[in-house]
Structures are given as structure tokens and as C-alpha cells.
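Student: what follows is a predicted structure for the sequence shown.
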Amino acid sequence: MKTNDQSTKNETIDLSKVERILEDYKNTRGAVIPILQKAQAEYGFLPEPVIDHIAQSLNMSADEIIGVATFYAQFHLKPRGHHIVKVCCGTACHVKNAKALSSKVHEKLKINVNETTEDKLFTFEEVSCLGACGIAPVVMIDEDVHGEVSPDKLNDVLDSYKKSGV
């Protein structure tokens, strides 16, 4: 039996958090998704030891759990930044030069799409649509929607998040 603390890449993973989650669902069939959602909320992503522990507890293989986690875009297998920067690439935003916004994020934060800054402050994503076509082009940072954004305005917005830190 594994201990409650597992090490992965110099990080200690406290499995007692996932133990509590699993306890809440111990007699519930088909609870993989809510278990993964709560585990991700606890850890910020789904670390390998957590996936292994969930799989063992549910009498499933780790590959089955990873299959579920990779099927849904809401789950993440790698650590993410404190701030999630989403550049909309839908039709309206594309027409209004969303590519320039993606280029500005890359230039400013020194990361590509689906990467996280070394300091874990930002993760950069391009998304299909944010549903704010009337104020295109749009960038969403965490839950904040920034519309009619130019690359210069985006530079200032990113600076404000950098200054606020975590």
C-alpha cells in the first residue's frame, strides 16, 4: 500500500486530500468525473500520484482515468498558472486580428499556447469562442473579460496582473 505522501519531480503530493474526496463518493457508482473535478480543485491539476490513487481506489487502471481526464478540456495533467489568459480565436475575433493578441502574449510572457510561465503566474490558451463577439477581439484572464483589446492595451492589462502577483 502506498503512503499518504508521494514524491513526483521534487514535489510532495499529499494524498490525504484525495482520500477525503474518495470517502465522499465511496458508495457512489459512476462518480469518476466529480471525483476528478474535486481532486483538480484541490491540487490545481491532476498529478500522476493522484490519478494512480483514484484508479486504485475505483478498481480502474490509471489509463482509464487518464482517458477520461484527457477527453474533457476542463481537466489538466500539468500544473497551470495562477492566471489563465485565454485569447479568443473565434470568427469575429479572428477577423479583428486575434493573432496579434496571441503574438503579444507570446512576446510578453515568453510562452507558447498551452504553456505556463516558469513562475507559475500565467498559463496561455487560445479558445474557439468566448461568446463576446460584439466586443471583439476578446481576451479573458481568469473570469475577467477584456473586449476591444489592441496589442498595446493587452500589454497594459498583462502588466496589471503581473503587478498584482498571485
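Tutor: Thanks, I have it.

Student: rest of the way, CA atoms for contacts and neighbours
Tutor: OK.

Student: tell me where the chain is predicted with low confidence.
Tutor: Along the chain, the model assigns pLDDT under 70 to residues 1-11, 165-166.

Student: what are the ranges of the strands in it?
Tutor: For the chain, applying DSSP state E gives strands covering 5-8, 11-14, 83-88, 115-116, 122-127, 139-141, 144-146.

Student: which of those strands sits closest to H94?
Tutor: Smallest distance to H94 across these (C-alpha to C-alpha): 7.8 Å, for strand 83-88.

Student: kindly export the closest one (C-alpha atoms) in PDB.
Tutor: The C-alpha coordinates for strand 83-88 follow below in PDB (Å, rounded to 0.1, in the frame of the first residue of the first chain):
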ATOM      1  CA  HIS A  83      -3.900  33.400 -14.000                       C
ATOM      2  CA  ILE A  84      -5.300  31.800 -17.100                       C
ATOM      3  CA  VAL A  85      -5.000  34.000 -20.200                       C
ATOM      4  CA  LYS A  86      -7.500  33.000 -23.000                       C
ATOM      5  CA  VAL A  87      -7.300  34.600 -26.400                       C
ATOM      6  CA  CYS A  88     -10.400  34.200 -28.400                       C
END
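
Student: what's next to it, contact-wise?
Tutor: Residues from elsewhere that reach strand 83-88 (C-alpha atoms under 8 Å, 6 or more residues apart in numbering): 94, 98, 101-102, 121-130, 137-142.

Student: about what we covered before: pick the most buried one from the strands of the chain.
Tutor: strand 83-88 (a mean of 24; mean count of other C-alpha atoms under 10 Å).

Student: what pairs with that one, parallel or antiparallel?
Tutor: strand 122-127 (parallel), strand 139-141 (antiparallel) (DSSP bridges).

Student: redo those as CSV? Include distance to K78.
Tutor: Formatted as CSV, these follow (distance: least, C-alpha to C-alpha, whole Å):
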stretch, distance to K78
strand 122-127, 11
strand 139-141, 19
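
Student: surely Q37 meets F75?
Tutor: Yes: between Q37 and F75 there is a contact under C-alpha atoms under 8 Å: 7.5 Å.
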